[in-house]
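**Q** Sequence and predicted structure, then a few things I'm wondering about:
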Amino acid sequence: MARQFILQTDDDPTLDQMQIPYAEELNAQQLDVVTFGTGASLVVAGAGTGKTRTLIYRVAYLVESGVAPEQIVLLTFTRRAANEMLNRASGLLDGRCRRVRGGTFHAFCLRILKQYASKLGFPNNFTMLDASDSADVIDVVKTSSGAESKEKRFPRKRTIQSIISSARNKGRSIQDVVEVSYPQFVDFTPQIETIFEAYETYKKVHGLMDYDDLLLYTLKLFSQEPGVLREVASQNRHVLVDEFQDTNRAQAKLVKAFSSVFGNVMAVGDDAQSIYRFRGADFQNILSFPDEYVGTQILRLEHNYRSTQHILDLANHLLDSAKRKYEKRLFTDRAEGDLPALVPAPDDRFESRFVSQMILQFRDQGIPLTEMAVLFRNGHNSYDLEVELNKKNIPFVKFGGLKLAEAAHVKDILAHLKVVENPQDAIAWNRILQLLEGVGPKTAGRIIDWVESNGGDQFILEERPFSASYIGSLRALFSTLRAVKKGEASCAEQLEIILEYYAPILRRVYYEDYPKREQDLEHFVGLSHTFTDRGNMLSSLALDPIELTAIDQQPEADDEPPLVLSTIHSAKGLEFKVVFLIHALDGVIPSGYSVGDAEAVEEELRLLYVAVTRAADQLFISYPMVQFRQFDGQYFANPSRFLANISSDLLEPCTLVEQTENVLPASDTIQQIADGSPNDAGTANLPF
């Protein structure tokens, strides 16, 4: 083994000799992190405690202390985050910080493999496959290996790609992943395993690597070539890792490898914000860090600069019931503000009207829409609210999940209603006809021409030379449309008729994920109860003056910045003055799928903690007391078990009192929450 010689002077600068006044600009806990010496440290950084700022000062401190910037590695989960931190560190100190080697795990591993890939049997100039290329390769080997089944339910290339990626990132077998996450394809497990083997061989033969290979082959390189490991690790005097709670198994192993020569590793993260198990993040990584690195010092950041103490008290209480955690208590200098409010609503519609009305009142009070957010567990939880926001002309952007009218399966159902409402709607006809087996664009066009030329009832299928390949499906469709049109059925009853017909189509067309789509449609039926007639429902759903998604578009310059609707997962890292957490029901948060899995329930608790800590000034947690379930009708729902038995000193229960005139302004409304006289149930009245 080659000897390592480290030249270190005895005249390292002290804090008072440094360019940056660290002691003046950081609180005591942050200063302890920034000035930490050598060895391993785990920084448990609570929500809103200035984690990013502390990391930036840590980089500057190391450089100012005499550590060569090129010997510092800053690993993050996005290239943008690394660039932003290094730019800010450069602005804080000087341009030397730009020489720090920062980036994502994948980018760092790519640089290593471009130098040493030949030791693994790959050319050093191997080609990287993006997600689309990877799926295309899977499609090629699926055919060439003979593993592809001719059954229509056989998974598509992108689904196979997801199965393979999940298995590799989580260190699990293909069989395990299929059984847990893709049970509809369990009969095809042997074929998927064959495709996986053929995919790996194809990449090796053709000098290709995909995204996951970057991590796994780097670990393989280190395992097979100890000399390469020493050479790489000897360049890493200090290793800093951001968001350590989100690392998967491979990334945790890489951190240990990168720091194996000097042993100076600082992992920064919050165990209470570990919410991405479905992406492969391993909660055990942050819990076992002190066991992996002997002599680890645990440092904490607990001084919150975002939320009021009332909000933090609720957040701390939630974490008290977590069984696997690092102890911490968030505190703040912000003692003012109102208690978080727990708001039960009679039903979905009432909840949506309450939230939208409060948003308008806060906007009138001077709080911009963009500084307010509505959070929810699942994308479909906001469908009813989206309708209400459109009615009130409140612009919004949605992160995580589709807007109601953008979901393909919901569009399918609406298209059936549209042709009943307007038999001349050629666009809707085209959509529902092409759902039939044997009907393509040309055939659909011919049928539409016949429908439009038919002077009588468009839903009577006359004797015509229609193809035997689809005549049976066409008869079933027309029979369904007649049943929907006939009589005085409510919107919900009309949807039930369509869904009974549509169920086998849903499973055939969307076989990759039809169980989730079935749940969406169940919620859609519940939503339909709020409409008086079919035409009114179709018009309301079509009235969407802005078509914003988190990815596609941004508002025009003259538009009002929109309200944020977001799943909790997509809101991590964000903050807002006012937060509404809707649909806080048992079976929603925690998800019904987590019941029976203790680790999954714990993650759901952490998810609620993340939602609560997004709020700076005001927090409202609401839920509908009555829900609708297809075939069962209405039933009484329960609030989240995480909110049970919470003292009114932490979470104030409120009763909605609807007022049609003289609506109180937001300031008076909030004051009633804080000071209103309790009713018989010990709750405050909340007029809206």
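**A** Perfect, I can see it now. These numbers were taken from a predicted model, which means no experiment stands behind them.
**Q** Around D333, count how many other residues there are.
**A** D333 has 9 neighbouring residues, counting by other C-beta atoms under 10 Å. Glycine gets a C-beta too; all of them are placed from N, C-alpha and C.
**Q** for it, helix, strand, or coil?
**A** coil (DSSP: H, G, I helix; E, B strand; the rest coil).
**Q** how close does it get to I56?
**A** To I56, D333 is 22 Å away according to C-beta to C-beta, to the nearest Å.
**Q** for this structure, longest strand please?
**A** Secondary structure of the chain per DSSP state E: the longest strand is strand 615-624.
**Q** Can you give the strand pairings for it, parallel or anti for each?
**A** According to DSSP bridges, strand 615-624 forms sheet pairs with strand 341-345 (parallel), strand 576-581 (parallel).
**Q** so how far is the helix or strand following the shortest one off the chain centroid?
**A** Think strand 341-345. Where DSSP states H and E defines the elements, the next helix or strand beyond strand 341-345 is helix 348-364. Mean-position distance between helix 348-364 and its chain equals 24 Å (C-alpha atoms, centre = their mean, to the nearest Å).
**Q** what's the angle from helix 348-364 to strand 576-581?
**A** 170 degrees (axes from the mean of the first three to the mean of the last three C-alpha atoms, to 10 degrees).
**Q** so what strands line up beside the following helix or strand past helix 348-364?
**A** The helix or strand immediately downstream of helix 348-364 is strand 372-376, counting by DSSP H and E. According to DSSP bridges, strand 372-376 forms sheet pairs with strand 563-567 (parallel), strand 576-581 (parallel).
**Q** buried stuff in stretch 467-487?
**A** Neighbour counts over stretch 467-487 (16 or more other C-beta atoms under 10 Å) mark Y470, S473, L474, L477, F478, T480, L481, R482, A483, V484, K485 as buried.
**Q** Among these, which are located in helices?
**A** S473, L474, L477, F478, T480, L481, R482, A483, V484, K485 (DSSP state H).
**Q** Please dump the residues you listed into CSV; it should also carry distance to Y510 and pLDDT for every row.
**A** What follows is these, written out as CSV (distance: C-beta to C-beta, whole Å; pLDDT from 0 to 100):
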residue, distance to Y510, pLDDT
S473, 17, 86
L474, 21, 85
L477, 18, 91
F478, 23, 87
T480, 19, 90
L481, 21, 89
R482, 26, 86
A483, 23, 87
V484, 22, 87
K485, 26, 83
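**Q** any idea which of the residues you listed is the one closest to P639?
**A** V484 (36.1 Å; C-beta to C-beta).
**Q** Just to check, that closest one is in contact with E496?
**A** No: the pair V484 / E496 is not scored as a contact, 9.7 Å apart, by C-beta atoms under 8 Å.
**Q** pLDDT-wise, which helix or strand of this structure ranks last?
**A** helix 666-675 (a mean of 39; mean pLDDT, DSSP states H and E).
**Q** I'd like to know which of the strands paired with strand 615-624 is closest to T76.
**A** strand 576-581 (23.5 Å).
**Q** Which positions within the closest one qualify as buried?
**A** So, applying 16+ other C-beta under 10 Å, buried residues of strand 576-581: F576, V578, V579, F580, L581.
**Q** ditto for stretch 514-534
**A** In stretch 514-534, counting by 16+ other C-beta under 10 Å, buried: 514, 517-518, 520-531, 534.
**Q** Flag the least confident of those residues.
**A** Across the set of the buried residues of stretch 514-534, T530 stands lowest in pLDDT, at 68.
**Q** The one residue sitting closest to the centre of the chain is in what secondary structure piece?
**A** Taking C-alpha atoms, centre = their mean, the centroid of the chain lies closest to H569, which sits 3.4 Å from it. Element membership of H569, judged by DSSP H and E, is helix 568-571.
**Q** what would the buried residues of strand 576-581 look like in JSON lines with distance to R153 and pLDDT?
**A** Conversion of the buried residues of strand 576-581 to JSON lines gives the following (distance: C-beta to C-beta, whole Å; pLDDT from 0 to 100):
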{"residue": "F576", "distance to R153": "43", "pLDDT": "95"}
{"residue": "V578", "distance to R153": "46", "pLDDT": "97"}
{"residue": "V579", "distance to R153": "42", "pLDDT": "97"}
{"residue": "F580", "distance to R153": "40", "pLDDT": "97"}
{"residue": "L581", "distance to R153": "38", "pLDDT": "97"}
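**Q** Can you tell me which of those residues is closest to I163?
**A** Using C-beta to C-beta, L581 comes nearest to I163 of those, at 32.9 Å.
**Q** separation between that closest one and N381?
**A** 10 Å.
**Q** what do you get for F196?
**A** F196 is 35 Å from N381, by C-beta to C-beta.
**Q** hang on, the earlier thing: can you list which of the buried residues of stretch 514-534 are found in helices?
**A** Using DSSP H, those in helices are 514, 517-518, 520-528, 534.
**Q** Ok, which of the strands paired with strand 372-376 comes nearest V343?
**A** Between those, strand 576-581 lies closest to V343; by C-beta to C-beta that is 8.9 Å.
**Q** Run the chain-centre distance for the closest one.
**A** Strand 576-581 has its C-alpha centroid displaced from the chain centroid by 17 Å (C-alpha atoms, centre = their mean).
**Q** hmm, who's touching whatever helix or strand comes next after it?
**A** Per DSSP H and E, the first helix or strand lying C-terminal to strand 576-581 is helix 598-612. Residues from elsewhere that reach helix 598-612, judged by C-beta atoms under 8 Å, 6 or more residues apart in numbering: 47, 271-275, 277, 283, 311, 314-315, 318-319, 321-324, 340, 375, 377, 568-569, 571-572, 579, 581, 584, 589-591, 593-595, 619, 621, 640, 642.
**Q** Among those residues, name the buried ones.
**A** 47, 271-275, 277, 283, 311, 314-315, 318-319, 340, 375, 377, 568-569, 571-572, 579, 581, 584, 589-591, 594, 619, 621, 640, 642.
**Q** nearest to D364, of the strands paired with strand 372-376?
**A** Across these, D364 has its closest neighbour in strand 576-581 (12.8 Å, C-beta to C-beta).
**Q** so V177, which of the three states?
**A** helix.
**Q** circling back to that earlier point, the ones in helices among the buried residues of stretch 514-534 into TSV, with extra columns for distance to Q634?
**A** Listed next are these as TSV, based on distance: C-beta to C-beta, whole Å:
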residue	distance to Q634
Y514	25
R517	23
E518	19
D520	19
L521	17
E522	13
H523	13
F524	15
V525	11
G526	9
L527	13
S528	13
R534	21
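**Q** Quick check: phi and psi at P561.
**A** phi -50, psi 130 (degrees, to the nearest 10).
**Q** Please renumber the chain so that the first residue is 47 from this point on.
**A** Renumbered: residue one is now 47, and that last one reads P607.
**Q** Skip the chain neighbours and tell me the closest residue to it.
**A** In space, and not counting its chain neighbours, P607 is closest to T416: 3.8 Å by C-beta to C-beta, 6 or more residues apart in numbering.
**Q** L120 too?
**A** Leaving aside its sequence neighbours, L120 is closest to G148 (3.9 Å, by C-beta to C-beta, 6+ apart).
**Q** contacting residues around K160?
**A** Residues near K160 by C-beta under 8 Å, 6+ apart: N170, N171, F172.
**Q** In terms of helices and strands, where is the second one?
**A** Read it as N171. Counting by DSSP H and E, no helix or strand carries N171.
**Q** for it, what are its contacts?
**A** K160, G253.
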